[in-house]
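> A structural model of the following input is requested.
(2 chains)
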Amino acid sequence: MRLRIGLLAAGAVTALWGVWELIRAVDLPALVRLPLWLGGAVVADDFVIVPLTVGIGWLVTRWSAGPGRHRTVGVVRTTLLYVGITSLIALPLLLRQGTGANPTVLPRDYLRDWLLLEATIVAVGYLCLMFRRSRASSGDIGGR
Amino acid sequence: MKLRSEGFVITIRKWATAPGSVLHELLVVTAFCAFTALLTWPYVNYLRDVVVDKGDPYLVSWILWWDFHQTFTNPLHLFDANVFYPYRYSLAFSEHCYGIAILGFPLFALGLRPLTVHAIELFIGFVNTLQWYPWPFPFRQTHYALAWIIVGALLVHLAVKLPLIRANWRRTPEPAPESLPAETTGLTRRGLFRTVAGAATLVGIASVGQSAPAFGPVAVLAPRKPNVGPQGLPVNRTAEAAGVTGIDADWRFTIVGPRQLSYTLEELRALPQSRSDLPIACVEGWSQGARWEGVRMRDLLAAAGAAPNSRVRVVSMEKGGFYATSELPEEFAADPLTLLALRLNGAELALDHGFPARIIAPNRPGVLQTKWVHSLEVMT
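Numbering: from 1, shown residues only, chains lettered A, B, ... in the order given. The predicted model follows:
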């Protein structure tokens, strides 16, 4: 019990010191925007990215239960991951396209490049899938 | 209690002897260092005898050496640094750097010099150089304050959950349920490692082109293209943003030093010109090499009667901003590569690149390569 009270007091003092630092360092409009920013990160993670990945993961796993799919599920999963990570990184570039501080910032046609990149990833993934399937159907029964 | 500590030992042993685990760590570190060497080229060639600055590196090199020396000769007096003799514990009131010093102990034991050890540690620490500030609040101060809040919140959390934590550590462990075999799920530890490495490689190839021109065409995830911009060089702050519109006919470049000098642009062009091949390397993560022509800084200092290794304040025509003036430390002013550049890639400087004159020096962040320079002040 004494340990709990000690931890509680130390934690409260530390956090209050942080709040004090925050009030001293940050002006009022920024203090108002700060929770929006921090909350936005939580919302984007917990209510967009996580449900999306869990949902897609669930679908892929369900799909992989079909006959013979255990050979190809790896390729599908990897392709989806690559598409996801590159799209996530491309998102700010796509949103800010054409609004760079000067013409040398964000100089590409990011929409075209993003579509080309995703098409390449999907095409390579599809080729790998075909390769796996053909190898599986050419008498490689049950083997890896 | 006994059971738990035995489990712990077994876990440690498993971890240490797991096939390839140490190898993986080594691979990661090696790849990281290789990329660092590439991105900070040619710094890695001069680790033995180059310091990037005269103050801190010497102090920290000495502290690292002191930590090593004292640990193995008189560890109880670690903080009684010799520089403040006879006062005791002096190092405890300063930066004792013991954490990074321990990392350097093997290097000292191998006989490396303190400067070398310091340079290697600095070199390993080159991370997070990509700066982008989309945050609607002051980044550094806010993070500092939030760190306190998070630590406090963690302590409160521990206080609230303590009974649960205790109960968990006291219960007898149940056997972990068998997970589905990899043959069914297609999920393996090695596969996960491969996939993550593949994703990192893909993202790397698609973005490294903003500082490695060879990858420029495929840098589809990079916010910059190294050869896009006036005269084939990107711009961070344009003349318009800096409030610079060009120069009048009576424009003069001045040097304030032991001798006061004043040049017209024509007179600057008539001085002996030198050439430097130097990059603009931005802290935001892009860089691009270029060919600069102009007057050597040390020649200008000599003409003004100043020592070649003087510190110089560079004053720009830029309106406002943090970088309207910059300071050129002595080793940069004395460097034969440092120019007051008038020409870029074979043509007169574009207004966005600092017409009529800008500073270009080796190994400086782009933001300190001051543009639109109209006077130099020799500092003593």
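> Tell me which helix or strand the residue in the stretch 1-150 of chain B that chain A sits nearest to sits in.
Closest to chain A within the stretch 1-150 of chain B is residue B:148: 2.9 Å, counting by Cβ to the nearest Cβ. Quick note: C-beta positions are derived from backbone N, CA and C, even for glycine. Using DSSP states H and E, residue B:148 sits in helix B:139-170.
> centre of the chain versus that helix, how much separation?
Mean-position distance between helix B:139-170 and its chain equals 31 Å (Cα atoms, centre = their mean, to the nearest Å).
> helices and strands around the longest strand along chain B, which ones?
In terms of residue count, the longest strand belonging to chain B (DSSP state E) is strand B:287-296. Counting contacts by 3 or more Cβ pairs under 8 Å, 6 or more residues apart in numbering or on different chains; DSSP states H and E, strand B:287-296 packs against strand B:274-281, strand B:339-344.
> can you list those strands in CSV and add mean neighbour count?
Output for the helices and strands packed on strand B:287-296, formatted as CSV (neighbours: other Cβ atoms under 10 Å in any protein chain shown):
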stretch, mean neighbour count
strand B:274-281, 18
strand B:339-344, 24
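> Among those strands, which comes closest to chain A?
Proximity to chain A, assessed across the helices and strands packed on strand B:287-296 by Cβ to the nearest Cβ, is greatest for strand B:274-281 (11.0 Å).
> circling back to that earlier point, describe which strands the longest strand of chain B pairs with in its sheet and in which direction.
If you go by DSSP bridges, strand B:287-296 pairs up with strand B:274-281 (antiparallel), strand B:339-344 (antiparallel).
> possible to save these as JSON lines with mean pLDDT?
As requested, the strands paired with strand B:287-296 are exported to JSON lines (pLDDT from 0 to 100):
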{"stretch": "strand B:274-281", "mean pLDDT": "92"}
{"stretch": "strand B:339-344", "mean pLDDT": "95"}
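> Nearest to residue B:143, out of those strands?
strand B:274-281 (25.3 Å; Cβ to Cβ).
> So what's the gap between the closest one and the chain middle?
On Cα atoms, centre = their mean, the centre of strand B:274-281 falls 19 Å from that of its chain.
> Restricting the selection to alpha carbons, write that strand to PDB.
Extracted C-alpha coordinates of strand B:274-281, given in PDB (Å, rounded to 0.1, in the frame of the first residue of the first chain):
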ATOM      1  CA  SER B 274      38.400  29.600 -57.900                       C
ATOM      2  CA  ARG B 275      36.200  26.500 -58.400                       C
ATOM      3  CA  SER B 276      34.700  24.100 -55.800                       C
ATOM      4  CA  ASP B 277      32.600  21.100 -56.400                       C
ATOM      5  CA  LEU B 278      30.400  21.000 -53.300                       C
ATOM      6  CA  PRO B 279      26.900  19.800 -52.500                       C
ATOM      7  CA  ILE B 280      24.000  21.700 -50.900                       C
ATOM      8  CA  ALA B 281      23.100  19.200 -48.200                       C
END
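> quick one: least confident helix or strand in chain A?
Lowest on mean pLDDT, DSSP states H and E among the helices and strands of chain A sits helix A:28-43, with a mean of 87.
> in that one, what's buried?
For helix A:28-43, burial by neighbour count (16 or more other Cβ atoms under 10 Å in any protein chain shown) applies to A:30, A:34.
> Report the angle between that helix and helix B:139-170.
On the basis of axes from the mean of the first three to the mean of the last three Cα atoms, to 10 degrees, helix A:28-43 is oriented at 40 degrees to helix B:139-170.
> what packs against helix A:28-43?
For helix A:28-43, the packing partners by 3+ Cβ pairs under 8 Å, 6+ apart are helix A:2-25.
> relative to helix B:139-170, how tilted is the helix it packs on?
170 degrees.
> So residue B:107 sits against residue B:119, correct?
No: taking contacts as Cβ atoms under 8 Å, residue B:107 lies outside contact range of residue B:119: 10.4 Å.
> Which one of these two is surrounded by more residues?
A count of neighbours by other Cβ atoms under 10 Å in any protein chain shown puts residue B:119 above the other of residue B:107 and residue B:119, at 23 against 18.
> And the strand or helix carrying the more buried one, what's buried?
Element membership for residue B:119 (DSSP H and E) is helix B:114-124. Neighbour-count burial for helix B:114-124 flags B:114, B:115, B:116, B:117, B:118, B:119, B:120, B:121, B:122 (criterion: 16+ other Cβ under 10 Å).
> With stretch B:95-106 instead?
In stretch B:95-106, counting by 16+ other Cβ under 10 Å, buried: B:96, B:97, B:100, B:101, B:104.
> got a list of what the spatially closest residue to the last one that is not a sequence neighbour touches?
Okay, so that is residue B:104. Leaving aside its chain neighbours, residue B:104 sits nearest to residue B:117 (4.3 Å; criterion: Cβ to Cβ, 6 or more residues apart in numbering or on different chains). Counting by Cβ atoms under 8 Å, 6 or more residues apart in numbering or on different chains, residue B:117 touches B:61, B:64, B:65, B:104, B:107, B:108.
> May I see those residues arranged in CSV, with distance to residue A:31, pLDDT and secondary structure as well?
Converted to CSV, these look like this (distance: Cβ to Cβ, whole Å; pLDDT from 0 to 100; DSSP: H, G, I helix; E, B strand; the rest coil):
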residue, distance to residue A:31, pLDDT, secondary structure
B:61, 42, 88, helix
B:64, 41, 91, helix
B:65, 46, 91, helix
B:104, 42, 86, helix
B:107, 46, 88, helix
B:108, 48, 90, helix
